[in-house]
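>>> Sharing a model prediction with you, sequence too.
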Amino acid sequence: MIFIFTTALFVLLFQNGCSLVIDPITKFKIAGGEPADIADFPYQVSITLDGDLCGGAILDQNHVLTAAHCTFQKDASDIVIRAGSQYRDRDGITVQAEEIFQHENFDPESFENDIAVIKLETDLNFDATVGLISLPSSGEDVEEFRLATVTGYGWISDHGPFADSLQKVDLPIISTDTCKMIYPGQITDTMFCAGYQEGGKDACPGDSGGPMVLDGKVIGIVSFGPDCAAAGQPGAYTKVSSFIDFINSSLNQ
């Protein structure tokens, strides 16, 4: 059962050393965001996976970064990437996936090691609306309390509908200690949380696997969380800097 807590209760729980227990969900949206121009986020792609929708980020001309829970039990033949489009289902260019490099230790129950790289059948041609995103250094810390940007084409409210065009939202990064208090036993050193205590802004259905970017680098991948944009329930993200060796190995295959 998933509970929606008010900000006051969120604070009260912290004062009493209590925490929230949730069941992770696997798809996310941009709630409480605003329209974004693909030219400002040329690394953003939408990924269609056998009828499901996820987000991703371009790493180079033929590799895309996403979440392992998006590619879990999927074949490359099921996956199509759309790049360079303001819209999730039209315009831009579409490319078929050739191969999936999913982290070998991904756990679909705990969402640990929730990262994958998709190799494309054909190279992307970079232009004003199609381009790569930079990676952080291996082991680079995620700066707590900074505002980072999440983009995607997913739901724009708790019960839909999907956004017709690209959306963006800025979310504050929460301290690791607070994140672990909210989700006891779920947050590892390769994850972090972001969101507002009062809720209202978040990533939810349709945005799984999408990038969280800070200072021009993809620091996080939308991974799991409870109800979309609920008070006291921030989203959890894969910490990209923990997986640079995995990413580089995938890019070289």
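Great, that's in hand. Quick caveat: nothing in here was measured; it's all calculated off a predicted structure. Numbering: from 1, shown residues only.
>>> And the strands in the stretch 151-253 of the chain?
167-172, 191-194, 211-214, 217-224, 235-239 (DSSP state E, counting those that start in this stretch).
>>> now the ones you listed as TSV including mean pLDDT?
Putting these into TSV (pLDDT from 0 to 100) gives the following:
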stretch	mean pLDDT
strand 167-172	93
strand 191-194	96
strand 211-214	98
strand 217-224	96
strand 235-239	95
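>>> looking at those, which is closest to residue 108?
Of all those, it is strand 217-224 that lies closest to residue 108, at 10.4 Å by CB to CB. For every residue, glycine as well, the C-beta is placed using N, CA and C.
>>> quick one: that closest one to strand 167-172, angle?
100 degrees (axes from the mean of the first three to the mean of the last three CA atoms, to 10 degrees).
>>> For strand 217-224, list the C-alpha coordinates in CSV.
Taking C-alpha atoms only, strand 217-224 is exported to CSV below (Å, rounded to 0.1, in the frame of the first residue of the first chain):
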residue,chain,number,x,y,z
LYS,A,217,26.5,16.1,-17.3
VAL,A,218,24.1,13.3,-16.9
ILE,A,219,24.3,12.5,-13.1
GLY,A,220,21.2,10.3,-12.7
ILE,A,221,18.8,8.0,-14.5
VAL,A,222,15.1,7.9,-13.5
SER,A,223,14.8,4.7,-11.6
PHE,A,224,12.0,4.1,-9.0
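>>> tell me what that strand is packed against?
strand 63-66, strand 147-152, strand 191-194, strand 211-214, strand 235-239 (3 or more CB pairs under 8 Å, 6 or more residues apart in numbering; DSSP states H and E).
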